[in-house]
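1. have a look; sequence and predicted model below, questions after that.
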Amino acid sequence: MAEHEREFEAWALSRQRDFLRSAILLTGDQSTAEDLVQDALLKVADRWSRLRHEAPDAYARRIIYNAAVSRWRRRRRETPMDELPETGVAGRSEAWVAGADVRAALQALTPRQRAVLVLRYYDDLSEQQIAQTLGVTPGTVKSQAHVALRRLREEFGVMVAEEAR
């Protein structure tokens, strides 16, 4: 096995789990997230000789984000609006799962808002790194985070009020 292949394998093994967690938060679906991560790792592998000294993590995150948005757009075009399931509502059988409410609330956000929050608060990236990953300005990152956090506060405010009844 060549040195480049060993480097890539070590990098992929060390990052795969974190990428999968982020992808699950972006998509809300384990199998879709696994597909996105696998595709991203294959693309990084194809370009490893160039990426290994640059930013393979950022490249992989961008691939995962772009693919998640593409799937969301494709699904939206293919699904009539009256057939869409309710968003942000966890099933009763899932209620016991830690974080189910947060994951459901994340799914109610737009893909970009969701990505900004996941990259900022889960992956702990700076606003500049998020802007580079998503191909937007830092101002867009700030405004998307502000709107997304406001929506989450409203969502959880409603959930807390309903539980108090």
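-> Sure, I can see it.
2. residues contacting V141?
-> The contact partners of V141, taken as C-beta atoms under 8 Å, 6 or more residues apart in numbering, are V116, R120, E127, I130, A131, L134. Bear in mind the C-beta positions are built from the backbone N, C-alpha and C, glycine included.
3. and which of these is nearest to Y59?
-> Relative to Y59, the closest of those is L134; by C-beta to C-beta it sits at 12.8 Å.
4. what about that closest one, neighbour count?
-> 20 (other C-beta atoms under 10 Å).
5. same deal with H4?
-> Count around H4 with other C-beta under 10 Å applied: 12.
6. offset the numbering so it begins at 2, please.
-> Right, with 2 as the first residue, what we last looked at is H5.
7. could you find the closest non-adjacent residue to the spatially most central residue of the chain?
-> Centroid-nearest residue in the chain, with C-alpha atoms, centre = their mean: L27, separated by 2.8 Å. Of all residues beyond its chain neighbours, the one nearest L27 is A69 (4.6 Å), with distances taken as C-beta to C-beta, 6 or more residues apart in numbering.
8. looks like the residue nearest to the centre of the chain contacts P112 (just checking).
-> Yes: taking contact to mean C-beta atoms under 8 Å, the distance of 7.3 Å between L27 and P112 places them in contact.
9. understood, closing this out.
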